[in-house]
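**Q** Attaching a predicted model along with its sequence, questions to come.
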Amino acid sequence: MQAEQHLPFELPPVTFYPGPSKVYLQLSRYMQDAFTQGILSINHRSATFMEICRKAIEHTQAKLNLPDGYKVLFVSSATESWEIIAQSLIGRKSFHLYNGAFGQKWMEYTQKIHPASNGFQFDVNQALSPDDIQVPADAECIALTQNETSNGTQVSNAIITQFKQKYPHMLVAVDATSSLGGIKLDFIAADIWFASVQKCLGLPAGLGLLIVSPRAMERAREIGDNTYYNSLLFMAENIEKYQTHYTPNVLNIYLLMRVMEEVEDISIIDKRTRQQAHAWYHFFEKYTSVSPIVTNTAVRSDTVIAIGADKQQIAFIKERTKQAGIIIGNGYGSWKETSFRIANFPAISLQEIQDLQHCLAGVL
């Protein structure tokens, strides 16, 4: 997607916060179009909305290279997907693999619905391997976070595939909140994927995508949950008509349609994202006062760059970048005061990256 030029207003500070993050500049035009075309006032059961919904789904399927038969469902956020998976796709027990705050929160939320669910916590520098972990035989679903936003780690497509191959009778569910739309994901390697749009998809917060395989839908029919407004079977029934199970965020679905019409194929975005991530890590290698939280280069995230230093240095860096009109992300959890995070998302321009690096070079 090309950079938008000659905007009729002054831009706010550039944000590298890893969600909500910078939106595509084209959204100023898309939102004006939505207003003038009456999109903001349409009924969500109308033919107009159903056409927008259809196009948003089809463009998303095409640009992300989703396998045939995988459904795209709209939810309020990635967090809501935790609940939907627990209600509709797990009968008694899931097994969670996590090394950070968001993976752990997913497990803890699932335990509120299915107390028998448990998991395995691994170190931030550990590369997951199914050979090193024994998943309980009675687990129905393996849940893992592909990109852990809190600490800047990621799990490769190859490893996700290995878990599915070793445990073919279990569903595999993947939190791709900080990577969907930024790197190429091997969707066939798992049955359930979910994310929010305010990160790599370059949209405002308030919409999530839940992607489910035919196998996941078969499991949903076996469990037969139809108790809740967001039961997966009810959601799937509605999306067949290009409608939703609730009054949706019509504007964001419209914006998703417009963005996915114009963005490049994920294979092109993936190459650029990984090149920029490599450049970021190389940039920080030049300085001794800071270093990536993750020392194992094989598990470092390509979309969230997490950098550690002492508390005073972190506070100084954040203040100086703020003075320069640039916002970087705070650390999270146990790293809150001793790290900062940088979003490496597609909507952020090369010029903005260079501006931040120039600013950082003056304080490191």
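**A** Nice, I can see it.
**Q** Neighbouring strands - and their directions - for the helix or strand bottoming out on mean pLDDT in the chain?
**A** Sorting the helices and strands of the chain by mean pLDDT, DSSP states H and E puts strand 14-15 at the bottom, at a mean of 92. Pairing partners of strand 14-15, with direction, according to DSSP bridges: strand 326-327 (parallel).
**Q** what's the spacing between the strand it pairs with and its chain's center?
**A** Offset of strand 326-327 from its chain centre (C-alpha atoms, centre = their mean, to the nearest Å): 21 Å.
**Q** do the same with stretch 268-275
**A** Per C-alpha atoms, centre = their mean, the centroid offset for stretch 268-275 relative to its chain is 16 Å.
**Q** Please read off the pLDDT at the spatially most central residue of the chain from the model.
**A** Here the mean C-alpha position of the chain is nearest to the C-alpha of T177 (C-alpha atoms, centre = their mean), at a distance of 1.7 Å. On the pLDDT scale, T177 is placed at 97.
**Q** what secondary structure does it sit in?
**A** State at T177, reduced to three classes by DSSP: H, G, I helix; E, B strand; the rest coil: coil.
**Q** re the thing from before, can you name the element that comes right after the least confident helix or strand of the chain?
**A** Moving toward the C-terminus from strand 14-15, the next helix or strand (DSSP states H and E) is helix 27-36.
**Q** And that next one, what does it pack against?
**A** helix 250-262 (3 or more C-beta pairs under 8 Å, 6 or more residues apart in numbering; DSSP states H and E). In short, each C-beta sits where N, CA and C put it, glycine included.
**Q** what residues does whichever helix or strand comes after the helix it packs on touch?
**A** Note on helix 250-262: by DSSP H and E, the next helix or strand toward the C-terminus is helix 266-285. Helix 266-285 is contacted from outside by 63-65, 181-185, 263, 290-292, 297, 300-303, 305, 307, 342, 344, 346, 350, 353, 357, 360, using C-beta atoms under 8 Å, 6 or more residues apart in numbering.
**Q** which of those are buried?
**A** Neighbour-count burial (16 or more other C-beta atoms under 10 Å) applied to those gives 63-64, 181-185, 263, 290, 292, 300-303, 305, 307, 342, 344, 346, 353, 357, 360.
**Q** rewinding a little: who's in contact with the least confident helix or strand of the chain?
**A** So strand 14-15 is contacted by S21, K22, G325, I326, I327, A343, I348, E352, D355, L356 (C-beta under 8 Å, 6+ apart).
**Q** repeat for stretch 53-60
**A** 66, 72, 74, 209, 239, 242-244, 253-254, 256-257, 260-261.
**Q** Among the residues you listed, which one sits closest to P115?
**A** L209 (28.5 Å; C-beta to C-beta).
**Q** And W193, which helix or strand is it part of?
**A** Following DSSP H and E, one finds W193 within strand 192-196.
**Q** Please apply the same query to P130.
**A** Per DSSP H and E, there is no helix or strand for P130.
**Q** wouldn't it be in contact with F163 here?
**A** Yes: using C-beta atoms under 8 Å, P130 makes contact with F163 at a distance of 5.1 Å.
**Q** any chance of the contacts of strand 14-15 in TSV, plus pLDDT?
**A** TSV is the format used below for the contacts of strand 14-15 (pLDDT from 0 to 100):
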residue	pLDDT
S21	95
K22	95
G325	94
I326	95
I327	96
A343	98
I348	97
E352	96
D355	96
L356	97
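**Q** Buried ones from those residues, can you make that a ChimeraX selection?
**A** Selecting only the buried entries of those in ChimeraX, with 16+ other C-beta under 10 Å as the criterion:
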select :21,22,326,327,343,348,352,355,356
